[in-house]
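Novice: coords below, sequence missing:
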């Protein structure tokens with residue numbers, strides 16, 4: 001039935017209900033009086049009701065027309081919203097919510113400054129962080145549970161887009177007075193493996209990316225504890241002989257705030273390439289593209305806060 005119905009008639013009906021005049025309706029819609037009269041006749045035939053009858057005060061709606069009025073108004077409003085060109089994205093006034101999947105190692109050095117920045121430049125944008133590993137993140141994007149993910153992610157399928165964020169390296173993190181540092185300035189792999197390790201893994205499987213690197217060199221490490229977040233890592237390292245091998249970005253964050261030191265890992269390890277990934281359906285979305293840009297700037301430390309207006313002297 002809908003395929004045989006001219007939806008433009010609802011626009012005419014909507015304006016007729018507002019103007020209560022065929023002449024004024026024609027003027028508003030840029031159509032002749034006879035064209036509006038013809039549309040009204042078609043509406044009457046379709047609904048099998050007079051809809052609007054003449055009175056001394058103009059056209060008056062029948063009970064059927066009064067019943068249809070709010071429904072037609074909503075349809076016209078929805079159609080207008082669909083066909084109106086979308087306004088350019090303005091972060092200062094935008095209202096949006098995004099779910100982001102990322103390893104916990106990015107929470108403090110990257111997402112903490114990012115969220116502070118968004119609070120200043122885009123207060124209406126809500127970010128929900130979800131701790132993920134690289135395989136899990138891909139599945140969540142495909143299932144529509146997160147909007148984008150960031151991390152060490154290889155081999156994305158064709159329907160997922162990606163962009164490079166930054167490269168990172170593995171370093172050893174331990175307390176500044178750790179016996180490891182007293183033995184030599186540049187510990188060997190054997191020196192590092194003499195101590196028990198603290199591992200942070202979002203899947204809590206007692207393995208991390210560094211274990212795969214060690215396996216390639218035919219060695220293993222002793223893991224004393226596995227955590228799913230970095231929350232208590234500094235305290236555990238400060239109060240024990242445990243050491244951790246983490247990415248440079250996370251390690252430097254803790255070393256700059258606690259009595260911890262970083263030590264190069266003496267293994268030939270290629271830099272860890274971190275990427276942003278998202279579903280191709282968001283490729284042209286202005287808000288999504290803007291947030292991706294902000295995340296990339298957070299990784300490089302190039303976020304720019306809005307300039308404060310200068311006070312007049």
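Specialist: Now that the structure is in, tell me what you want to look at. None of the values given here were measured: they were computed from a predicted structure.
Novice: if I look at residue 83, how far off is residue 7?
Specialist: 12 Å (Cβ to Cβ, to the nearest Å). The way it works is simple: take the backbone N, C-alpha and C, and place the C-beta from them, glycine included.
Novice: and for residue 91?
Specialist: According to Cβ to Cβ, residue 91 and residue 7 sit 36 Å apart.
Novice: returning to that earlier point: please say which of residue 83 and residue 7 ends up with more neighbours.
Specialist: residue 7 (10 against 7; other Cβ atoms under 10 Å).
Novice: with adjacent residues omitted, what lies nearest to residue 42?
Specialist: residue 9 (6.0 Å; Cβ to Cβ, 6 or more residues apart in numbering).
Novice: could you name the helices and strands sitting against the helix or strand containing residue 262?
Specialist: Assigned by DSSP states H and E, residue 262 falls within strand 260-264. Other helices and strands packing on strand 260-264, by 3 or more Cβ pairs under 8 Å, 6 or more residues apart in numbering; DSSP states H and E, are strand 170-175, helix 179-183, helix 233-238, helix 248-255.
Novice: hmm, residue 29 is touching residue 23, no?
Specialist: No - the criterion here is Cβ atoms under 8 Å, and residue 29 misses it with residue 23 at 11.3 Å.
Novice: the two - which one has more neighbours?
Specialist: Shown here are residue 29 and residue 23; by other Cβ under 10 Å, residue 29 has more neighbours (17 against 12).
Novice: now the helices: where do they sit in the stretch 51-200 of the chain?
Specialist: With DSSP state H, counting those that start in this stretch as the criterion, the stretch 51-200 of the chain has helices at 63-83, 112-121, 134-142, 179-183, 189-193.
Novice: buried residues in the second one?
Specialist: This points to helix 112-121. Buried positions in helix 112-121, judged by neighbour count with 16 or more other Cβ atoms under 10 Å: 114, 117, 118.
Novice: give me the number of residues near residue 100?
Specialist: Around residue 100 there are 22 residues (other Cβ under 10 Å).
Novice: for it, give me its contacts.
Specialist: Contact analysis of residue 100 by Cβ atoms under 8 Å, 6 or more residues apart in numbering lists 111, 127, 128, 129, 130, 146, 147, 148, 149, 150, 295.
Novice: of those, keep whichever come out buried.
Specialist: By 16+ other Cβ under 10 Å, the contacts of residue 100 give 111, 127, 129, 146, 147, 148, 149, 150, 295 as buried.
Novice: for those residues, which one is nearest residue 99?
Specialist: residue 146 (4.3 Å; Cβ to Cβ).
Novice: what strands line up against the helix or strand that comes right after the strand holding residue 262, and which way round?
Specialist: Downstream of strand 260-264, the next assigned helix or strand under DSSP H and E is strand 272-279. Neighbouring strands of strand 272-279 in its sheet, by DSSP bridges, are strand 148-151 (antiparallel), strand 160-168 (antiparallel).
Novice: now tell me what touches the last one from outside.
Specialist: Contacts to strand 160-168, defined as Cβ under 8 Å, 6+ apart, come from residues 138, 141-142, 150, 153, 156, 247-249, 271-280, 282-283, 292, 295-296, 299-300.
Novice: chain center to that strand: distance?
Specialist: 15 Å (Cα atoms, centre = their mean, to the nearest Å).
Novice: can you check stretch 119-132 too?
Specialist: 8 Å.
Novice: pull the residues that contact that stretch.
Specialist: Counting by Cβ under 8 Å, 6+ apart, 91-104, 107, 111, 114-115, 118, 140, 145-146, 149, 151, 202, 228-229, 287, 291, 305-306 sit against stretch 119-132.
Novice: could you rerun that using 7 Å?
Specialist: 91-104, 107, 111, 115, 118, 140, 146, 149, 202, 229, 305-306 (Cβ atoms under 7 Å, 6 or more residues apart in numbering).
Novice: could you do stretch 216-229 as well?
Specialist: 104, 131, 189, 193, 196-202, 204, 206, 214, 233, 242, 267.
Novice: and the residues you listed, which of them are buried?
Specialist: For those, buried by 16+ other Cβ under 10 Å: 104, 131, 193, 197-202, 214, 233, 242, 267.
Novice: report the angle between the helix or strand where residue 295 lies and helix 248-255.
Specialist: Using DSSP H and E, residue 295 sits in helix 286-300. Interaxial angle of helix 286-300 relative to helix 248-255 (axes from the mean of the first three to the mean of the last three Cα atoms, to 10 degrees): 60 degrees.
Novice: hmm, who's touching helix 286-300?
Specialist: Contacts of helix 286-300 (Cβ under 7 Å, 6+ apart): 88-89, 91, 94, 96, 98, 110, 113-114, 117-118, 147-148, 150, 163, 165-166, 276, 278, 282, 303.
Novice: next, the residue of the chain most remote from its centre: phi, psi?
Specialist: Of all residues in the chain, residue 56 has its C-alpha farthest from the mean position, at 58.8 Å, by Cα atoms, centre = their mean. Here is the backbone geometry of residue 56 (degrees, to the nearest 10): phi -60, psi -20.
Novice: no further questions, thank you.
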